[in-house]
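A.B. asks: take this sequence and fold it.
(2 chains)
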Amino acid sequence: MSVATNNELKSTIALTGLYHVIDPEIGLNIVDLGLVYEIQFNEDEHVITVIMTLTTQFCPMGESIVDATKQAMQESFLDYEIKVELIFVPAWSPDMISEEGNTFLNG
Amino acid sequence: MFIAGANSPIKNTDYRVVLPFYAYAALAFLVATVLMMADVGAFTQHHFNAKALAITHTMALGWGTMMILGASHQLFPVLIEGKLHSNTLAYLSFIFGAIGIPMLVYAFYTFNFGLVAQAGAIAVNLAVISYLVNLTISIVQTKKHNVHAVSAFTAVIWLLVTTLVGLLLVYNFQTPIFTQASIHYLSLHAHLGIIGWFLLMIIGVGARLIPMFLISKYENQKTLWWIYWLVNGGLISFIIIFIYGGNFLITLIPVALIGAAVILFGRFIYKAYQKRIRKKVDEQVQTSMLSVALIGVPLVIIIGVILIFSTLGNQQFVTLYGFTIFFGWITAIILGMTFKTLPFIVWNKVYHDIAGLGKTPNPKELFKNNIFIANIISYLLGFVILSFGIINSNIIALNIGAGLLLLNALLYNINVFTILFHQSKIK
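C.D. replies: As a prediction, the model looks like this:
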């Protein structure tokens, strides 16, 4: 699943960081898992909003995943404020796992 | 990976609420196997004997119920997609249970149904009521009422009915409340708990968790609703037959209904397994899936008892029936699911506030997988050998089986307490 953005170049940098955020139960990064829906850059206010989901609402690991996402983004964009917005519509489904993710899980 | 402790939009159940249940249940399992090892002769007598009752209640309340209560405080928010209402009620549930269960077990062990037994039974009921109130308010506060949440909620209602009947039976020993002696109501009390509480809860939660851990695309709410009604219908028909009586064919109705539910549940899990994305299934989920298969064992036994003996009078089979329930599927699913939940709860506790200070271990690294595998091998061997010992009233087999189950409980405790006492590896 591709990640929507209003800044392709910066989004690539952001995704490089987010590939290091791993869902501890599955062992797969949140990008290939399909949890990241959108990354929006607000250059006027220096705010980056990551719109993402979790595999299940009230996932016991959700708090850590969200915080790790913020941390990973902050390391790539030091002078930006990072916001993470959780949405559950559309709900995550296994179909959102990328080809690389499926290869990892099949291994 | 990165871990940060910044503000988060999601708040899970406080780990301090959940962890005591895990520790208590693990110790109760160890106590049950020690009691079993000390009194294997109890398995050769009529099932209504002091030692067997003490072991059964340690397993049913201390092990099964305390573990499920603890895990469900953490997992119920996932089922209802909402917050747990109160940590205080959760603590109260633990405290009442932790005090009441040993009192009851001691009373059974000494076969004295005086004040200690009565106070213990009251405390257990207060634990269940605290839990039920907490769950009810949590459900009312959320708008999501799926089959998993409804099953879990109904299971807790049945648990309360079970413990209330248990309380009355304790009093009935001293002051006649019922028309007959307490032993007459034993099968009613036991099946309310086994079917209404354990089976319904494990099906309701297992049908959500096992496909989730498999990352399965399979979904079938309709089948799960069928299972829900079959289990409840089976239990209600059992109660009606217990009260009003029935001929041989009528007694098969609850067995058929619950048997159909178990077959449907097995089919559901199998289909979820077939449609899984995660091809490599870890040992913990494998053990949980084995537990689904083990649900069929007591069913086969009860059908065998009804068909072959046309009565529940055959002692070995009745004891085997109870053993394959408490040491079979209930224990198997707990052995598996403990290590799919507890390491993550402790991992969240230990590493959540460490903001990117280094590479954190995987939650699965918080326990020793080779100990887990030895744990499961000793469990399976112990289960099979002890079952053989019960059928043949063979003391040597009973001793070997009980020894292996004690070893299994020891290994399980080593892993559980290794996780509970885990300290951060990041300097």
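A.B. asks: buried stuff in the helix ranked longest in chain A?
C.D. replies: Counting by DSSP state H, the longest helix found in chain A is helix A:62-76. Of all the residues in helix A:62-76, those buried under the rule 16 or more other CB atoms under 10 Å in any protein chain shown are A:62-74, A:76. For glycine as for every other residue, the C-beta is placed from the backbone atoms N, C-alpha and C.
A.B. asks: show me what from the stretch 51-200 of chain B comes close to chain A.
C.D. replies: Within the stretch 51-200 of chain B, the positions near chain A by CB under 8 Å from any CB of the partner chain are B:74-75, B:77-78, B:81-83.
A.B. asks: among these, who's most crowded?
C.D. replies: Neighbour counts for those peak at residue B:74, which has 26 neighbours (criterion: other CB atoms under 10 Å in any protein chain shown).
A.B. asks: wasn't that one part of a helix?
C.D. replies: Yes - counting by DSSP: H, G, I helix; E, B strand; the rest coil, residue B:74 is part of a helix.
A.B. asks: test my guess that it contacts residue B:13.
C.D. replies: Yes - between residue B:74 and residue B:13 there is a contact at 5.2 Å, judged by CB atoms under 8 Å.
A.B. asks: against chain B, how distant is the residue nearest the centre of chain A?
C.D. replies: For chain A, residue A:36 is the residue whose C-alpha lies nearest the centre (CA atoms, centre = their mean; 3.5 Å). Remark: distance between residue A:36 and chain B (CB to the nearest CB, to the nearest Å) = 14 Å.
A.B. asks: and that residue, how far from residue A:22?
C.D. replies: Taking CB to CB, to the nearest Å as the measure, residue A:36 falls 13 Å from residue A:22.
A.B. asks: residues that sit against both of these two, list them.
C.D. replies: residue A:30 (CB atoms under 8 Å, 6 or more residues apart in numbering or on different chains).
A.B. asks: which element follows the worst-scoring helix or strand of chain B on mean pLDDT toward the C-terminus?
C.D. replies: Least confident helix or strand of chain B, by mean pLDDT, DSSP states H and E, is helix B:296-304 with a mean of 75. Sequence-wise, the next helix or strand downstream of helix B:296-304 (DSSP states H and E) is helix B:315-323.
A.B. asks: quick check: mean pLDDT of that following helix?
C.D. replies: Mean pLDDT, computed over helix B:315-323, is 85.
A.B. asks: strands of chain A, residue ranges please.
C.D. replies: A:4-5, A:36-42, A:47-52, A:81-86 (DSSP state E).
A.B. asks: got CSV for the ones you listed, with mean pLDDT too?
C.D. replies: Putting the strands of chain A into CSV (pLDDT from 0 to 100) gives the following:
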stretch, mean pLDDT
strand A:4-5, 90
strand A:36-42, 96
strand A:47-52, 96
strand A:81-86, 94
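A.B. asks: quick one: those strands as a markdown table, columns for distance to residue A:102 too.
C.D. replies: What follows is those, written out as a markdown table (distance: least, CB to CB, whole Å):
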| stretch | distance to residue A:102 |
| --- | --- |
| strand A:4-5 | 21 |
| strand A:36-42 | 17 |
| strand A:47-52 | 19 |
| strand A:81-86 | 24 |
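A.B. asks: contacts only, for residue B:57.
C.D. replies: Residue B:57 makes contacts with B:101, B:104-105, B:108, as judged by CB under 8 Å, 6+ apart.
A.B. asks: among those, who's most crowded?
C.D. replies: Sorting the contacts of residue B:57 by how many neighbours each has (other CB under 10 Å) puts residue B:104 first, at 27 neighbours.
A.B. asks: just the pLDDT for that residue.
C.D. replies: 97.
A.B. asks: that one: what's it in contact with?
C.D. replies: Residue B:104 neighbours (CB under 8 Å, 6+ apart): B:57, B:61, B:117, B:120-121, B:124, B:170.
A.B. asks: so where is the chain shaky, pLDDT-wise?
C.D. replies: No chain was given, so I picked chain A. Within chain A, the segments meeting pLDDT under 70 span A:1.
A.B. asks: my bad, chain B
C.D. replies: B:1-12, B:306-313, B:353-358, B:427.
A.B. asks: just give the nearest non-adjacent residue to the spatially most central residue of it, would you?
C.D. replies: Chain B has residue B:64 as the residue nearest its centroid, 3.4 Å off, counting by CA atoms, centre = their mean. With sequence-adjacent residues excluded and distances taken as CB to CB, 6 or more residues apart in numbering or on different chains, residue B:64 is closest to residue B:330, at 4.9 Å.
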